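Undergrad: the sequence and its predicted three-dimensional model are supplied below.
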Amino acid sequence: MKPLSQLAAEQALSVRVVLTDIDDTITTDGMLTASAYASLEALHRAGFIVVPVTGRPAGWCDHIARMWPVDAVVGENGAFYFRYDRENKRMHQHFWATPEELRLNRQKLNDIEREVLASVQGSALASDQSYRIADLAIDFCEDVPALPEAEVDRIVSIFERAGAQAKVSSIHVNGWFGAYDKLSMAKTLLSDVFKIDWDTAREQVIYAGDSPNDEPMFAAFPLSVGVANVHALAHRLKNKPTYITHGHSGEGFAELASILLKATSQRSPARV
Ligand SMILES: [Mg+2]
């Protein structure tokens, strides 16, 4: 991981799309700071396509797509994207699974939930579970005292034994049925909505994250950035981000935004 300050000016100039994790990447200690939110807004105003790509639930994503200064949101680790058409006042929702598949998957996830809560002491159902459509989120660090890593691994293995995928964020283990992740749904969104093919995406997209559930994105995008707290979970990452910020969490995201905005401001006069 190279310091983000080493990002070449021409690479910063090539960025059109900012994809970003939310928890501990935009938020800091569980809160959305004014400076991180202002960075999102400044990027959006400057014409970047801005898309949070998060493990957070559909209920939150409805709010984010509608009210945040973003162009769309990918939620529940890639189960769907939501895009609010402000002009026509319409929320577009695209899910990986059909309603019937989602219903059947929920029954299997309910079984996993019972097993995890009965066998991993100190784990809890994530407080945002009621607002989820496709996945099951087990809290190991958000509203419960942090569990040891071996217990986090046990939660993951219960999901995997049941044939589900499981990914670890900085606060939850999220599990689901279906061959999708943050990356596959981000690709679908880029192609369907923004008409950006994969070769172009690899040049024009920058991704910011902090955790193992960001790993598919770190692996896929040459311009990938970890905020400084990624160090804490780096031993769980086979694919690390190319760059790392100096600042933690939201401060790291603000640092990335300011580099991109500076590059854009230097480009503008040359275009006139
Ligand atoms: Mg995160």
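TA: Done, it's in. Numbering: from 1, shown residues only.
Undergrad: can you pull out the helices in the stretch 151-272 of the chain?
TA: Along the stretch 151-272 of the chain, the stretches classed as helices by DSSP state H, counting those that start in this stretch are 182-192, 198-204, 215-220, 249-271.
Undergrad: quick one: closest of these to the ion.
TA: Minimum separation from the ion across those (Cβ to the ion) falls at helix 249-271, 8.9 Å. C-beta coordinates here come from the backbone N, C-alpha and C atoms, glycine included.
Undergrad: so what secondary structure elements neighbour that closest one?
TA: helix 9-14, strand 17-20, strand 27-28, helix 34-45, strand 205-209 (3 or more Cβ pairs under 8 Å, 6 or more residues apart in numbering; DSSP states H and E).
Undergrad: most tightly surrounded among these?
TA: strand 205-209 (a mean of 28; mean count of other Cβ atoms under 10 Å).
Undergrad: so residue 208 touches residue 229, yeah?
TA: No - judged on Cβ atoms under 8 Å, residue 208 makes no contact with residue 229 at a distance of 11.6 Å.
Undergrad: overlap of the contact sets of the two?
TA: Common neighbours of residue 208 and residue 229, counting by Cβ atoms under 8 Å, 6 or more residues apart in numbering, are residue 252.
Undergrad: the residue in the chain positioned nearest to the ion: neighbour count?
TA: Proximity of the chain to the ion (Cβ to the ion) peaks at residue 23, 3.9 Å away. Using other Cβ atoms under 10 Å, residue 23 is surrounded by 20 other residues.
Undergrad: you'd agree it is up against residue 53?
TA: No - if you go by Cβ under 8 Å, residue 23 and residue 53 don't touch, sitting 11.3 Å apart.
Undergrad: please name the residues that touch the nearest residue to residue 233 once chain neighbours are set aside.
TA: In space, and not counting its chain neighbours, residue 233 is closest to residue 211: 5.5 Å by Cβ to Cβ, 6 or more residues apart in numbering. Contact partners of residue 211, counting by Cβ under 8 Å, 6+ apart, are 21, 23, 24, 168, 169, 170, 230, 233.
Undergrad: recalculate using a threshold of 7 Å.
TA: 24, 168, 169, 170, 233 (Cβ atoms under 7 Å, 6 or more residues apart in numbering).
Undergrad: one more: residue 260?
TA: 12, 15, 18, 43, 48.
Undergrad: also residue 205?
TA: 17, 19, 221, 223.
Undergrad: check what pLDDT the residue lying closest to it once chain neighbours are set aside gets.
TA: Computed as Cβ to Cβ, 6+ apart, the closest residue to residue 205 that is not its neighbour in sequence is residue 17, at 4.4 Å. On pLDDT, residue 17 comes in at 98.
Undergrad: I figured residue 17 was touching residue 49, is that so?
TA: Yes - taking Cβ atoms under 7 Å as the definition, residue 17 is a contact partner of residue 49 at 4.4 Å.
Undergrad: picking up where we left off before, which one among the contacts of residue 260 gets closest to residue 57?
TA: residue 18 (22.0 Å; Cβ to Cβ).
Undergrad: show me which residues of this protein sit near the ion.
TA: 21, 23, 24, 169, 170, 210, 211 (Cβ under 5 Å from the ion).
Undergrad: tell me the two of those that are most distant?
TA: Most distant of the residues of the chain next to the ion, by Cβ to Cβ, are 21 and 170, 9.2 Å apart.
Undergrad: give me the common contacts of the two.
TA: By Cβ under 7 Å, 6+ apart, the residues touching both residue 21 and residue 170 are residue 210.
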